[in-house]
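A.B. asks: only geometry, no sequence info:
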């Protein structure tokens, strides 16, 4: 499997190790003659083990990130579902409260209408009384003194 990229502009560890141990021709160091000694074979095996271990670490990190993404996606879906349910409950409660208050307002408006009608009746009665008092006063004022 390919080595995951550590980020823009960075060279993965396994590539750096490989270049350090196997320099490119013309990279400044003279090319090494192939050696068949046990030491270099052991060193190559150690480098390969380190490269494999680094690859395994990268794989575990990526697997962990995938699992984290799955968990976060599940959490997001659950959270959205809960928020939606709570919004529906709130909306139902608001409509219930609106209905209750609408009934109260309607009752109060009806009572206000009745009071206003009574006020109009009393006002009409007071006008009649005022007119009667005015008429009586005029009659008294117009009568000759005896």
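C.D. replies: Sure thing, it's come through. For clarity, every value in this text was computed on a predicted model and none was experimentally measured.
A.B. asks: roughly how far apart are residue 46 and residue 55?
C.D. replies: Using C-beta to C-beta, to the nearest Å, residue 46 is found at 15 Å from residue 55. For the C-beta atoms, the positions are set from N, CA and C on the backbone; glycine is no exception.
A.B. asks: more neighbours, these two?
C.D. replies: Counting neighbours by other C-beta atoms under 10 Å for residue 46 and for residue 55 shows that residue 55 has the greater number, 17 against 10.
A.B. asks: gap between the helix or strand containing that one and the chain center?
C.D. replies: Assigned by DSSP states H and E, residue 55 belongs to helix 38-142. In terms of C-alpha atoms, centre = their mean, to the nearest Å, the centre of helix 38-142 is found 14 Å from the chain centre.
A.B. asks: for it, packing partners?
C.D. replies: Other elements packing on helix 38-142 under the criterion 3 or more C-beta pairs under 8 Å, 6 or more residues apart in numbering; DSSP states H and E are helix 13-21.
A.B. asks: so for the helix it packs on, what's the average pLDDT?
C.D. replies: Model confidence over helix 13-21 averages 48 on the pLDDT scale.
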